[in-house]
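**Student:** Pasting the sequence and the predicted coordinates here, then a few questions.
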Amino acid sequence: MSIMPGAMLGLLGGGQLGRMFTMAAQSMGYRVTVLDPADESPSSSIAERHLRADYLDSNALHELGPTCAGITTEFENVPAESLRIIAEHGVVSPTANSVAITQNRILEKKFLATNGFEIAPYAVIQNSHDLNGALLQTHAEPLSGLLPGILKVSRFGYDGKGQVRISNAAELDSAFTSMSREHCVLEQLLLLEGEVSVIVARGFDGKAVTFPVSENQHHNGILDISITPARISPVMIQRACEIAISIAEKLDHRGVLCVEFFVLADERLVVNEVAPRPHNSGHYTIDACITSQFEQQARILCGMPLGSTAMHGTAVMVNLLGDLWQRGEPRWEDVLRHPRVKLHLYGKLAARPGRKMGHYTVLAETVEAALQLALEIKQSLASCLSPEQLSA
Ligand code: ATP
Ligand code: MG
């Protein structure tokens, strides 16, 4: 049964992904209640209603369930338990199971490996015993071992936070301690030729579509630029889309999902991680596709048919981090004087370094033209920064 426009939808999380979902849902006539513990947030400031409470607050969850026709989440770190509680009242997308797996690197890697998807070699490190085992392994097999590698905390990591690069066995122990000995995975550092991602939208009926594949460039572990369509061979594009759909099917994911891939030599695609929600690398879909990833999220939640993911032209998306605000408000005219560039700001009050404050998307006929203009704008915005800030 479909949820009709006019209905109230529930959203767990107050971030920018939630803000963009809220905008998409509202433009189709839905209303949105945001559950988020902060006083103010990018999505709660524009939603019809804000329930200010913790994601596990039982009163809030029992209020959200019956007052919303369907409920979704904007980030994977909501407790899967909250989704289970809400699901007792009605429609929830994505399901608690899909979120429970993808919010935990250990479960996610096990799920991917068990289902035959290629991932980076890794070891689980949960205690001193595992740590010694990993050390033994790396000593015994220096070439096929996991070093140099990256120690990643199993939960709550994002934008490269909760990750330490390890070049030798001696560093592993102190890195694990620096993570407060939380459960971690040690992943082999791969030699990357590039990174790509695929956004999948999969409905309750199991029908799935993919958006055009993006090529992603990171800086300091944070997504910097997304170029779409990705400059990889048609065969790789097809393989990436098939793998992404297959992951969504194996998870029985209902909603939008993103699969991040590492591209290795010889056109090898290795799955990096899975996000059970719209993704930063899919922001280009707002301006460059017939249906955005957020509109698909709303359509799926409401049991409506999926929209077309076809793209008009090519797009390059550039993230705007808080660093840009260090000398005051950036010169937005440098972005907006280009008629085919779209600016998105998330309404965040404090511009801290490394914090995602907004993004812009350059639309053009060719990837080369879009990329060139995107970089020119990036440079002119950065020219307001001091040399120390630029080299940081
Ligand atoms: P986000 O949530 O923003 O996607 P994250 O904190 O979950 O990021 P990852 O995606 O695991 O982090 O890693 C961030 C980036 O670090 C990757 O996109 C890649 O550039 C680099 N990286 C991570 N793991 C590896 C690896 N095993 N080999 C080489 N590079 C890696
Ligand atoms: Mg990532």
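**Tutor:** It's in. Ligands and ions are numbered 1, 2, ... in the order given.

**Student:** What residues does the stretch 251-392 of the chain have near ligand 1?
**Tutor:** 260, 272-273 (C-beta under 6 Å from any ligand atom). From N, CA and C alone the C-beta is placed, and that goes for glycine too.

**Student:** Surely Asp173 touches Ala134?
**Tutor:** No. Under the criterion of C-beta atoms under 8 Å, Asp173 is not in contact with Ala134, lying 10.0 Å apart.

**Student:** These two: which has the busier surroundings?
**Tutor:** The residue with the greater number of neighbours, taking Asp173 and Ala134 and applying other C-beta atoms under 10 Å, is Ala134; the counts read 26 against 15.

**Student:** Restricted to strands, list the residues of the stretch 251-392 of the chain next to ligand 1.
**Tutor:** The subset of those located in strands under the criterion DSSP state E comprises 260, 272-273.

**Student:** ok, now which ones touch the residue nearest in space to the middle of the chain?
**Tutor:** Nearest to the mean C-alpha position of the chain, by C-alpha atoms, centre = their mean, lies His279 at 3.5 Å. His279 sits next to 17, 197, 199, 258, 260, 293 when contact means C-beta atoms under 8 Å, 6 or more residues apart in numbering.

**Student:** Low-confidence stretches in this structure?
**Tutor:** Judged against pLDDT under 70, the low-scoring parts of the chain cover residues 137-144, 385-392.

**Student:** So is stretch 160-168 next to ligand 1?
**Tutor:** Yes. Residues of stretch 160-168 contacting ligand 1 under C-beta under 6 Å from any ligand atom: 160-161.

**Student:** Could I get the contacting residues of Ala123?
**Tutor:** Taking C-beta under 8 Å, 6+ apart as the contact definition, Ala123 lies against 130, 133-134, 137, 146, 185-186.

**Student:** Gly221 against Tyr158, yeah?
**Tutor:** No. Distance between Gly221 and Tyr158: 9.4 Å, which falls outside the contact criterion (C-beta under 8 Å).

**Student:** residues touching Leu186, list them.
**Tutor:** For Leu186, the residues meeting the contact criterion (C-beta under 8 Å, 6+ apart) are 122-123, 125, 134, 146, 149-152, 166, 172.

**Student:** where's Gly18 relative to Ile199, distance?
**Tutor:** Shown here: Gly18 relative to Ile199, a distance of 17 Å by C-beta to C-beta, to the nearest Å.

**Student:** which residues of the stretch 151-300 of the chain fall in strands?
**Tutor:** Listed in chain order, the strands of the stretch 151-300 of the chain (DSSP state E, counting those that start in this stretch) span 163-166, 184-188, 194-202, 208-210, 214-219, 222-228, 255-264, 268-275.

**Student:** residue of the stretch 201-350 of the chain with the smallest distance to ligand 1?
**Tutor:** Distances from the stretch 201-350 of the chain to ligand 1, computed as C-beta to the nearest ligand atom, single out His218 as the nearest residue at 4.2 Å.

**Student:** Where do the helices of the stretch 101-250 of the chain begin and end?
**Tutor:** Secondary structure of the stretch 101-250 of the chain, counting by DSSP state H, counting those that start in this stretch: helices at 105-114, 128-140, 169-178, 234-250.

**Student:** okay if I get the ones you listed as TSV plus distance to Thr72?
**Tutor:** Supplementary listing: the helices of the stretch 101-250 of the chain in TSV, determined by distance: least, C-beta to C-beta, whole Å:
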stretch	distance to Thr72
helix 105-114	20
helix 128-140	35
helix 169-178	35
helix 234-250	15
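
**Student:** from what I can see Ala87 touches Pro94, true?
**Tutor:** No. The pair formed by Ala87 and Pro94 falls short of the contact definition of C-beta under 8 Å, at 10.6 Å.
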